[in-house]
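> Quick check, what structure comes out for this input:
(one chain, ligands or ions: 2)
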Amino acid sequence: MNPYVRNVWYMAAWEEEVAGDAFLGRTLLDQEWLIFRKGDGSYAMLSGLCPHRFAPLHKGKRTGDTVACPYHGLEFDADGRCMRNPFGDALPPQAKLQTLPVTARCGALWFWPGDASKADPALIPDFSAIDASGPVVRGKTLFDANYELITDNLLDLSHVEFIHTETFHPDGKFFTGAYKASEGEGGAIWSKSWMPGTTAAPWMGLPDGTKLDEWLEMRWHAPASMLLEVGNTFHDEPRHAAASPPMINPHILTPETQTSTHYFYTRSPGEESAALAHRVFELEDRPMLEDIQRSMRGRDLMEMNPVILSVDAAAIRARRKMMQMRNAEAQKSGA
Ligand code: FES
Ligand SMILES: [Fe+2]
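Numbering: from 1, shown residues only. Ligands and ions are numbered 1, 2, ... in the order given. A predicted model of the protein is given here:
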């Protein structure tokens, strides 16, 4: 399995998952972490296992910005220092928790598992479009599949023709439309589908037979932080003449382990949107990705020498960029 890229921002959680005094315990990049909001409104991210018997600290007791281990009561502050040992005054020198830089941006918490001196918040990809698109429900699911497999899926939306046929009725649009992969500012990779002259679906509420030009554009930043824009305008009209504004959704992936992934997304409020998200994520994408993960039996995709199709162009670029980042980090560490 490929090692994780370290010098990059990963999403840990939605900010609302650690509202108030809540402790969040989460496995990220094969390690357990404790995340909480400090009294001053900033956030702390510490190793989630007590260094004594490795009890889960998110089940501990909070007093101010300290956590007391639920098993034998060692207490730690938000910088990971042991502040109290209930069995005597001596504080064991090894009783220290690892901490990571963590910062809030656009309703999400981002952490930097690499060299802390390089953790510049300006490098967090811009997801301000989440809030600009109106009220949203922030959702999360967990797929038993490697994050790069899910990235492949999101950068190649032609799978809508097969996996989401009944949900989105693409009716061959992806075969006749144009597809382009490109690179953009700040290390972004774009996967763009342009489908001119399609017929408006009945649920759009437009007169029968209205002709549209549709687009789907996915923006990727390392390691797997993506933003999808889905829009349409009247055929041969500029984008701003659209009957309704484009839909903009984040699809942000963070490895839980090498074979499981936290998948963060947003959706519109309401039951209909909840049902749609359930169907798309849980009933359509998940089974395919988990089947693939199982059948790979721990092998890396590129090792398996996959056939490459034209629709894989963006996914291949993203994989290549991740490999370059991994190689650069391995060289630096002398590995
Ligand atoms: S496991 Fe935490 S103090 Fe013993
Ligand atoms: Fe999908």
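> Next up, the contacts around Asp131.
Contact analysis of Asp131 by C-beta atoms under 8 Å, 6 or more residues apart in numbering lists Cys106, Gly107. Quick note: C-beta positions are derived from backbone N, CA and C, even for glycine.
> Now do the SS call for it.
helix (DSSP: H, G, I helix; E, B strand; the rest coil).
> So what does Leu149 look like in phi/psi?
Backbone torsions for Leu149, taken as degrees, to the nearest 10, come to phi -70, psi -40.
> pretty sure Leu91 is touching Asp77, no?
No. With contact defined as C-beta atoms under 8 Å, Leu91 does not count as touching Asp77 (11.5 Å).
> Closest approach to ligand 1 from the stretch 101-250 of the chain, which residue is it?
Val102 (22.2 Å; C-beta to the nearest ligand atom).
> what sits against the nearest residue to that residue once chain neighbours are set aside?
In this structure, Val102 finds its nearest non-sequential neighbour in Met45, 4.0 Å apart by C-beta to C-beta, 6 or more residues apart in numbering. By C-beta under 8 Å, 6+ apart, Met45 lies in contact with Ala12, Trp33, Leu34, Ile35, Thr99, Leu100, Pro101, Val102, Leu109, Phe111.
> give me that answer again for 10 Å
12-13, 18, 24, 26, 28, 33-36, 78, 80, 97-103, 109-113 (C-beta atoms under 10 Å, 6 or more residues apart in numbering).
> Would you mind naming what in the chain lies close to ligand 1?
Within reach of ligand 1 by C-beta under 6 Å from any ligand atom, the chain has these residues: Cys50, His52, Arg53, Ala55, Cys69, Tyr71, His72, Gly73, Leu74.
> quick one: the strands in the stretch 201-335 of the chain?
211-221, 225-234, 247-257, 260-267 (DSSP state E, counting those that start in this stretch).
> In space, what's closest to Lys118 - neighbours in sequence excluded?
Per C-beta to C-beta, 6+ apart, closest to Lys118 is Asn7, 5.6 Å.
> Return the distance of the residue nearest to Val102 relative to ligand 1.
According to C-beta to the nearest ligand atom, to the nearest Å, Met45 and ligand 1 sit 18 Å apart.
> Assign a three-state SS to that residue, would you?
Under three-state DSSP, Met45 comes out as strand.
> List the beta-bridge partners for it.
Ile35 (DSSP bridges).
> Tell me, what's the model's pLDDT at it?
On pLDDT, Met45 comes in at 98.
> Quick check on the contacts of Met45: which are buried?
12-13, 18, 24, 26, 28, 33-36, 78, 80, 97, 99-103, 109-113 (16 or more other C-beta atoms under 10 Å).
> so of the residues you listed, which ones are in strands?
12-13, 24, 26, 28, 33-36, 102-103, 109-111 (DSSP state E).
> still on that earlier bit, with secondary structure and distance to Ala318 added, can I get the residues of the chain next to ligand 1 in TSV?
Formatted as TSV, these follow (DSSP: H, G, I helix; E, B strand; the rest coil; distance: C-beta to C-beta, whole Å):
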residue	secondary structure	distance to Ala318
Cys50	coil	37
His52	coil	41
Arg53	coil	41
Ala55	coil	38
Cys69	coil	40
Tyr71	coil	42
His72	coil	45
Gly73	coil	46
Leu74	coil	42
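> any chance of those residues in CSV, plus distance to Ala224, neighbour count and pLDDT?
As requested, those are arranged in CSV below (distance: C-beta to C-beta, whole Å; neighbours: other C-beta atoms under 10 Å; pLDDT from 0 to 100):
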residue, distance to Ala224, neighbour count, pLDDT
Cys50, 30, 24, 98
His52, 34, 16, 97
Arg53, 34, 10, 97
Ala55, 31, 17, 98
Cys69, 33, 24, 98
Tyr71, 35, 15, 98
His72, 38, 13, 97
Gly73, 38, 15, 97
Leu74, 35, 25, 98
